[in-house]
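# how would this look folded up:
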Amino acid sequence: MSDMMKQIVLASRPDAAPTPENFRLEEAAIPTPGEGEVLVRVNYMSLDPYMRGRMDDAKSYAAPVPVGGKMEGAGVGEIIASNAKGFEVGEFVMGGFGWATHAAVPAAGLSKVDPANGPITHSLGVLGMPGFTGWFGLTEHGRPQEGETLVVAAATGPVGSMVGQVAKSMGLRVVGIAGGPDKCKLAVDHFGFDACLDHRAYEDASALRKALKEECPKGIDIYFENVGGKVLEAVLPMMNRFGRIPICGMIAWYNEGGLGEKAQDQSLTGPKLWRTILVNFLSVNGFIISNHWGRIGEFHKAIAPKIADGSIAVQEDITEGLENAPDAFIKLLTGGNTGKAMVKLI
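Below is the predicted model:
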């Protein structure tokens with residue numbers, strides 16, 4: 001085994017949308033695990049929208065990646081050296097390894113992954129943080145009831161597809177919004193949505209809202225928010241009284257600075273936004289899934305059998321090679337992926 005590893009670091013902070021120049025591929029010595037640590041050779045690493053926020057030096061729920069520091073992220077891989085009781089060489093684990101081929105990390109923060117139970121990539125997607133985010137946000141803050149109407153954007157991503165499939169299984173009408181006709185077809189044919197609208201086909205929020213009215217004749221009871229921008233502007237006036245809006249992300253604004261302060265669309269700020277929430281008695285709940293890891297066992301118990309029997313469909317978008325991670329991440333931020341974005345390292 002070579003004594004060198006590869007990693008990608010933050011070369012500079014982006015001014016708006018990230019570019020390849022904001023990343024740098026480096027070689028480093030493979031670390032030795034300390035007391036209570038294991039050395040992991042990473043098979044797959046996850047790409048997720050939240051990573052864009054870590055590139056900005058802005059106040060948030062987590063510290064930014066320092067310039068010159070390794071990009072953060074989850075991965076799944078094999079233990080190749082162990083200095084931790086209960087973790088053996090040859091076992092697979094999931095944890096925060098960053099954008100790197102190897103990592104020495106405390107075993108206490110890892111989850112074991114059994115390849116006999118299905119593809120290990122599921123631990124990063126449908127059974128990992130994104131799937132858990134969708135399930136928790138819908139069931140805890142969406143409070144779905146049979147016969148209601150739910151709208152979710154980024155419908156074919158790992159969060160949106162989980163939201164839609166769980167809602168559909170509970171007897172809701174599910175309308176997705178996605179970028180492009182192929183993704184909309186995937187939402188309906190593969191994930192079982194009732195309908196899906198291509199947001200790129202509508203020039204503004206008003207046109208998108210008109211199309212939504214046709215697909216949601218009874219209004220919208222739950223809007224699962226992970227996009228913001230034009231989609232939020234289209235949806236908000238259609239919310240029914242006592243509607244619910246779980247908020248887990250706003251990818252349309254991620255390239256506008258840490259808090260979206262550079263965003264050109266200011267139409268939802270101020271009295272219009274707050275009055276709409278007030279007079280319709282809406283419940284708007286922001287949440288960060290890392291605050292709720294104590295419930296991931298409940299999520300696995302509810303969803304793993306549905307994946308096994310095929311009632312929850314899976315879609316993964318896998319890029320080969322660590323060196324291609326920046327391009328895949330940039331593509332993710334503009335909706336260029338189809339399904340859970342990951343990078344295969346070995």
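
# drop to CA atoms for contacts and neighbour counts, all remaining ones
Noted.

# Quickly note the distance from residue 114 to residue 288.
Here the distance between residue 114 and residue 288 works out to 27 Å (C-alpha to C-alpha, to the nearest Å).

# Equivalent analysis for residue 302, please.
Spatial separation of residue 302 from residue 288 under the definition C-alpha to C-alpha is 20 Å.

# what's the answer for residue 108, then?
Counting by C-alpha to C-alpha, the gap between residue 108 and residue 288 amounts to 21 Å.

# for residue 309, same thing?
When distance is defined by C-alpha to C-alpha, residue 309 is 29 Å away from residue 288.

# tally of neighbours for residue 214?
Using other C-alpha atoms under 10 Å, residue 214 has 10 other residues around it.

# ok, now which ones touch residue 106?
If you count contacts by C-alpha atoms under 8 Å, 6 or more residues apart in numbering, residue 106 has them with 36-38.

# Swap in 6 Å and give it another go.
Residues near residue 106 by C-alpha atoms under 6 Å, 6 or more residues apart in numbering: 36-37.

# phi, psi of it?
phi -60, psi 130 (degrees, to the nearest 10).

# what's the pLDDT at it?
According to the model's per-residue confidence, residue 106 sits at a pLDDT of 97.

# who's it bridged to?
On DSSP bridges, the residues paired with residue 106 through beta bridges are residue 37.

# mind checking how far it is from residue 319?
Distance from residue 106 to residue 319, by C-alpha to C-alpha: 28 Å.

# I'd guessed residue 242 sits against residue 279; true?
No: with the criterion set as C-alpha atoms under 6 Å, residue 242 and residue 279 do not qualify as a contacting pair; they are 9.5 Å apart.

# Which of those two has more residues huddled nearby?
Each of residue 242 and residue 279 has its neighbours counted (other C-alpha under 10 Å); residue 242 has more, 15 against 10.

# where does the more buried one fall, helix, sheet strand or coil?
Classification of residue 242 into helix, strand or coil gives strand, according to DSSP: H, G, I helix; E, B strand; the rest coil.

# before we move on, what about residue 103?
Classification of residue 103 using three-state DSSP returns strand.

# Pull the contacting residues for it.
For residue 103, the contacting residues are 39-40, 97, taking C-alpha under 6 Å, 6+ apart as the criterion.

# What are the boundaries of the helices in the stretch 1-150 of the chain?
Per DSSP state H, counting those that start in this stretch, the stretch 1-150 of the chain has helices spanning 50-54, 129-136. These are given in chain order.

# Relative to residue 235, which of those is closest?
Shortest separation from residue 235 across the helices of the stretch 1-150 of the chain is recorded for helix 129-136, at 18.8 Å, computed as C-alpha to C-alpha.

# Can you report how many residues lie near the closest residue to residue 157 other than its chain neighbours?
Nearest residue to residue 157, sequence neighbours excluded (C-alpha to C-alpha, 6 or more residues apart in numbering): residue 339, at 4.7 Å. Counted with other C-alpha under 10 Å, the neighbours of residue 339 add up to 25.

# Pretty sure residue 339 sits against residue 316.
Yes: here residue 339 reaches residue 316: they are 4.6 Å apart, a contact under C-alpha under 6 Å.

# low pLDDT regions in the stretch 201-346 of the chain?
For the stretch 201-346 of the chain, applying pLDDT under 70 flags the ranges 251-270.

# from the contacts of residue 103, which ones fall inside strands?
39-40 (DSSP state E).

# Which among the contacts of residue 103 count as buried?
Buried residues within those, defined by neighbour count using 16 or more other C-alpha atoms under 10 Å: 39-40, 97.
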